[in-house]
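**Student:** generate coordinates for the sequence data below:
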Amino acid sequence: RPGTASIVTSDKEYQWNDDAWIDHREKRDWLHEPMSIYEVHLGSWQKDEQGNFLNYRELATRLVDHVKQLGFTHIELMPITEHPFDGSWGYQTTGYYSITSRYGDPKKFMYFVDECHLNGIGVILDWVPVHFCKDSHGLIDFDGEPLFEYPWSDLKENELWGTRNFDLGKNEVISFLVSNANFLFEYYHIDGI
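**Tutor:** Reported below is the predicted structural model:
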C-alpha cells in the first residue's frame, strides 16, 4: 500500500492439519447447534508495540486464545480480500481472489484458519458480492466498458459507498462471484460467508 502491483506467492500446497474439523463439520447438524460469533476487523483489533498490524500468525495466537476464552464458536472476519484503503475496512474490494497482504501471505492466512479449526473455532468471512471499488486497478470498466457493473448510471453507482454495483443479472458476474465463494471455501477451508 498504496502500491497496486501484484504480489505472486508460491503455489506449493499448505499442509493442513484440520482433517478432524472438516470431517466433523461435514457430519454435524449445524442448523440445530448453538452458534456464537465474534466479529472482528483484523487491522484494528490489536496492533503490535510499534502500532503496526499484527500478522496472521500473531493473530492465530492472540485472537484465537481470546475468542476461545470468551466461549465463541466462530470468528467472523470483516473483509480480508485485497482492498486499497485501510479506512474502508475491506468493503471496497479490488482483489476478490487475493487475501490481503496487510497481515501476511496466503499461507500465513491458511495457518490462521488451521489454528482456529484446531481450537474448535469456525471461520466466517464477511464477503462483499454487491459492490466493488472504483480504483482503476480494480474491476471498474474492466474492458473499457461496464463489464461487471450495470451500464445504466442510475444503477451502476452506489452513492452511499462511492463504489460500483455488480450487475447481478449477468451470468458472467454470477459465475465470477459464485466461483470466488467456492475458491474461498476450497482453498482456504473457511466455514461460511
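**Student:** surely G43 is in a helix?
**Tutor:** Yes - counting by DSSP: H, G, I helix; E, B strand; the rest coil, G43 is found in a helix.
**Student:** give me the nearest residue to it, chain neighbours excluded.
**Tutor:** Computed as CB to CB, 6 or more residues apart in numbering, the closest residue to G43 that is not its neighbour in sequence is F53, at 5.4 Å. (C-beta placed from N, C-alpha, C; glycine too.)
**Student:** tell me the bridge partners for that neighbour.
**Tutor:** For F53, the beta-bridge assignment (DSSP bridges) gives partners K47.
**Student:** quick one, what contacts it?
**Tutor:** By CB atoms under 8 Å, 6 or more residues apart in numbering, the contact set of F53 is 42-43, 47, 102-103.
**Student:** pLDDT value on it, please?
**Tutor:** Listed pLDDT for F53 reads 95.
**Student:** of the contacts of F53, just the buried ones, PyMOL syntax please.
**Tutor:** One line in PyMOL is enough to select the buried members of the contacts of F53, burial here meaning 16 or more other CB atoms under 10 Å:
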select buried, resi 42+43+102+103
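**Student:** so where do the strands sit in this structure?
**Tutor:** For the chain, the strands identified by DSSP state E occupy 37-40, 74-77, 81-82, 95-99, 122-125, 131-132, 157-158, 163-165, in order along the chain.
**Student:** N17 is nearest to which of the ones you listed?
**Tutor:** With respect to N17, and counting by CB to CB, the nearest of these is strand 122-125 at 14.3 Å.
**Student:** how about the closest one: buried residues?
**Tutor:** Going by 16+ other CB under 10 Å, strand 122-125 has these buried residues: 122-125.
**Student:** show me the shaky parts of the protein.
**Tutor:** Residues of the chain that meet the criterion pLDDT under 70 lie in 1-5, 11.
**Student:** quick one on the thing from earlier: quick check, nearest of the contacts of F53 to F132?
**Tutor:** Of all those, R102 has the smallest distance to F132: 18.2 Å, by CB to CB.
**Student:** please name the nearest non-neighbouring residue to that closest one.
**Tutor:** Leaving out its chain neighbours, the residue that sits closest to R102 by CB to CB, 6+ apart is F53, at 5.4 Å.
**Student:** quick one on the thing from earlier: including distance to Q69, could the contacts of F53 go into TSV?
**Tutor:** Rendered in TSV, the data for the contacts of F53 read as follows (distance: CB to CB, whole Å):
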residue	distance to Q69
L42	18
G43	22
K47	20
R102	25
Y103	22
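**Student:** and which of the contacts of F53 is nearest E172?
**Tutor:** Checking those against E172 by CB to CB gives R102 as the nearest, at 29.5 Å.
**Student:** contacting residues around that closest one?
**Tutor:** For R102, the residues meeting the contact criterion (CB under 8 Å, 6+ apart) are 1, 42-43, 53, 86.
**Student:** state the pair within the residues you listed that is farthest apart.
**Tutor:** Farthest pair in the contacts of R102, by CB to CB: R1 and L42, 14.6 Å.
**Student:** so how many other residues sit close to S6?
**Tutor:** Summarising burial for S6: neighbours were counted as other CB atoms under 10 Å, giving 11.
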